[in-house]
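Engineer: Turn this into a structure:
(one chain, ligands or ions: 5)
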Amino acid sequence: MRWWATALIVAFSCVLFVFQATAAEQAVIVCIECHARLPVQYSQSVTLWQTSIHAEHGITCNTCHGGDPMDAANAMNPARGYRGVPLPPAIPGLCGSCHVGVARYYLNSAHGGTLGRGGPTCVTCHGSHGIKSASLDLISKKNCSQCHTFEKARLIRSAMLKRDTMLMAIEKKIKLLKSQGIDTDQQEKRLFSLRNRFHTMFHSLDIKLIILESEHIQAELEKNNGAGGIGTAPLTGAVAIGWALLAALMFYLIKKNVD
Ligand code: HEC
Ligand code: HEC
Ligand code: HEC
Ligand code: HEC
Ligand code: HEC
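Structural biologist: Numbers count the residues shown, from 1 in each chain. Ligands and ions are numbered 1, 2, ... in the order given. Here you go, the predicted structure:
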C-alpha cells in the first residue's frame, strides 16, 4: 500500500476514535433523565447535583449509588450493581474512597468516633448532592451548634483564618500572573500540596495539631514567598536573568561590529 493511503487510514481511524469517545462521554445517563421527572423527593437529588462540584468533575449518580446508567429498565437492579441509599455508617467509607486524606483525619476525630451515635457524617456538613467547593464558611453557628456549643468550633476557625487569608491572597496573585501569560506552573504545584494539607486538617478537630500545622504552613509560605517559590520573587529573578542575557548579547554584537 502507498504511504499516503496508510496515512489516510490512520488519520481516519483517529477521527473515528475521537468521535466515538466524545459520543460515549455525552451518552445520556438514564438515572438523571428519569429522576428529573419524578416528584420532588426523588428529583431534588438531580436539581442539587447539577450545579455541584461533582457534576463538574463527571461524578454521577451511579458512581455513588451503583446501578446501570445506560439501561432504564434495569438501572436500579441490584444485579447491575445498584446499592440503594447509603446508611450513615457507610457514608465516610463511600466518600473516603476518593477523599482518602480527609477520611483518615475524620475517622480518628471526635466526629468519626461518634459515627452512628450522634456524630455528624460527611453529608451532615457538605450535603450529599449539592456539594460545593468547601471553605471556612462552613464553620458557622448554624452548622456547628446543633449538637454542642459553638465554642470549640470558634477556636478552630480563628486558628485557621489567618493562613486561609494568606493562601487566598497568593492564589489570587498566581491567577493574575497567569492571566498575564506568565508561566506559573512551579508556583501552582507548590501551592497545591500546601493548600491540600491545610484544607484537610480541619477534619481532625484537633486544635493543637491545627495550630502547629498552620504555623508550619505559614513558615513554608513565607519562605517560598521570599526565595524563588510561591510569590512573585522567582519571576523577578527570571526577568533579571532575561535582561542579563539580553545585555550580554548586545555587548557581543556591538563588540563584533567594532572588531
Ligand atoms: C425509569 C425511571 C428510573 C430510572 C432510570 C432510575 N430511577 Fe432511581 N428511582 C425511580 C423511582 C420511581 C424511585 C422511587 C421509588 C423506588 O424507590 O423504587 C427511585 C428511587 C431511587 C433512589 C432512592 C431509593 C430509596 O430507597 O429511597 C435512588 C438512590 C435511586 N433511585 C438511584 C438511581 C440511580 C443511581 C439510577 C441510575 C443508575 C436510577 N435511580 C435510575 C426511578 C428511576
Ligand atoms: C457523591 C455521591 C453521590 C452522588 C454523586 C449522588 N448521590 Fe444520591 N445520595 C448520596 C448519599 C450519601 C445519600 C444519602 C443521604 C443522606 O443520608 O442524607 C443519597 C441519597 C439519595 C436519594 C434518597 C433521597 C435523598 O435525596 O436523600 C436519592 C433519590 C438519590 N440519592 C438519587 C441520586 C441521583 C438521581 C443522583 C444523580 C443525579 C445521585 N443521587 C448522585 C450520595 C450521592
Ligand atoms: C469517585 C470519587 C469521589 C467520590 C466517591 C466523592 N467525591 Fe467528592 N470530589 C471528587 C472530585 C474529583 C472532586 C473535585 C476535585 C477536588 O476538589 O478534589 C470532589 C470535590 C469534593 C468537595 C469540594 C472540595 C474542594 O476543593 O473544596 C467536597 C466537599 C467533596 N467532594 C465531598 C464529598 C462527599 C461528602 C462525598 C460523599 C457523599 C464525596 N465527596 C464523594 C471525587 C469524589
Ligand atoms: C450531628 C451533630 C454534630 C454536628 C452538626 C457537629 N458536631 Fe462537633 N461533635 C459532635 C459530637 C457527638 C462530638 C463528640 C462529643 C463532644 O465533644 O461533644 C463532637 C465534638 C466536636 C469537637 C471536640 C473535639 C475534641 O476532641 O474535643 C469539636 C472541636 C467539634 N465537634 C467541632 C465541630 C464543628 C466545627 C462543627 C461544624 C462544622 C461541628 N462540630 C458540628 C457532634 C456534632
Ligand atoms: C463537622 C463538619 C464536617 C464534616 C463531618 C466533614 N467535613 Fe469536610 N469540610 C468541613 C469544613 C469546615 C471544610 C473546610 C476546611 C477549610 O477550608 O480548610 C471541609 C473541607 C472538605 C474538603 C475540601 C478539602 C480540600 O482539599 O479543599 C473535602 C474534600 C471534604 N471536606 C470532604 C469531607 C469528607 C469526605 C468527609 C467525611 C469523611 C467530611 N468532609 C466530613 C466540614 C466537615
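Engineer: Looks to me like Gly67 is in a helix.
Structural biologist: No. Per DSSP: H, G, I helix; E, B strand; the rest coil, Gly67 lies outside any helix segment and is coil.
Engineer: so what's it up against?
Structural biologist: Gly67 makes contacts with 31, 61, 75-77, 80-83, as judged by C-beta atoms under 8 Å, 6 or more residues apart in numbering. Glycine gets a C-beta too; all of them are placed from N, C-alpha and C.
Engineer: measure stretch 199-216 end to end?
Structural biologist: Stretch 199-216 has an end-to-end distance of 14 Å (C-alpha to C-alpha, to the nearest Å).
Engineer: got the buried residues for it?
Structural biologist: 199-206, 210, 213-214 (16 or more other C-beta atoms under 10 Å).
Engineer: In JSON lines, list those residues along with secondary structure and distance to ligand 2.
Structural biologist: As requested, those are exported to JSON lines (DSSP: H, G, I helix; E, B strand; the rest coil; distance: C-beta to the nearest ligand atom, whole Å):
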{"residue": "His199", "secondary structure": "helix", "distance to ligand 2": "18"}
{"residue": "Thr200", "secondary structure": "helix", "distance to ligand 2": "17"}
{"residue": "Met201", "secondary structure": "helix", "distance to ligand 2": "22"}
{"residue": "Phe202", "secondary structure": "helix", "distance to ligand 2": "19"}
{"residue": "His203", "secondary structure": "helix", "distance to ligand 2": "17"}
{"residue": "Ser204", "secondary structure": "helix", "distance to ligand 2": "22"}
{"residue": "Leu205", "secondary structure": "coil", "distance to ligand 2": "21"}
{"residue": "Asp206", "secondary structure": "coil", "distance to ligand 2": "26"}
{"residue": "Ile210", "secondary structure": "helix", "distance to ligand 2": "26"}
{"residue": "Glu213", "secondary structure": "helix", "distance to ligand 2": "27"}
{"residue": "Ser214", "secondary structure": "helix", "distance to ligand 2": "29"}
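Engineer: near ligand 5, which residues of the stretch 101-250 of the chain?
Structural biologist: Residues of the stretch 101-250 of the chain that fall close to ligand 5, judged by C-beta under 6 Å from any ligand atom: 102-103, 106, 111, 120, 122, 124-126, 134-136, 138-139, 160, 196, 198-200, 202-203.
Engineer: The most centrally placed residue in the chain in helix, strand or coil?
Structural biologist: Centroid-nearest residue in the chain: Ser133, 7.6 Å away (criterion: C-alpha atoms, centre = their mean). Following three-state DSSP, Ser133 is assigned to coil.
Engineer: For it, give me its contacts.
Structural biologist: Ile53.
Engineer: What does the pLDDT read for it?
Structural biologist: On pLDDT, Ser133 comes in at 92.
Engineer: model confidence over the longest helix anywhere in the chain, on average?
Structural biologist: For the chain, the longest helix by residue count, based on DSSP state H, is helix 151-179. Helix 151-179 shows a mean pLDDT of 92.
Engineer: Is any residue of that helix near ligand 4?
Structural biologist: Yes. Contact of helix 151-179 with ligand 4 is found when judged by C-beta under 6 Å from any ligand atom, involving 152-153, 156.
Engineer: What are the buried residues along stretch 156-175?
Structural biologist: 156-157, 159-160, 163-164, 166-167, 170, 173-174.
Engineer: export those residues to TSV and tack on distance to Gly96?
Structural biologist: Output for these, formatted as TSV (distance: C-beta to C-beta, whole Å):
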residue	distance to Gly96
Ile156	21
Arg157	24
Ala159	24
Met160	22
Arg163	25
Asp164	24
Met166	28
Leu167	24
Ile170	29
Lys173	33
Ile174	30
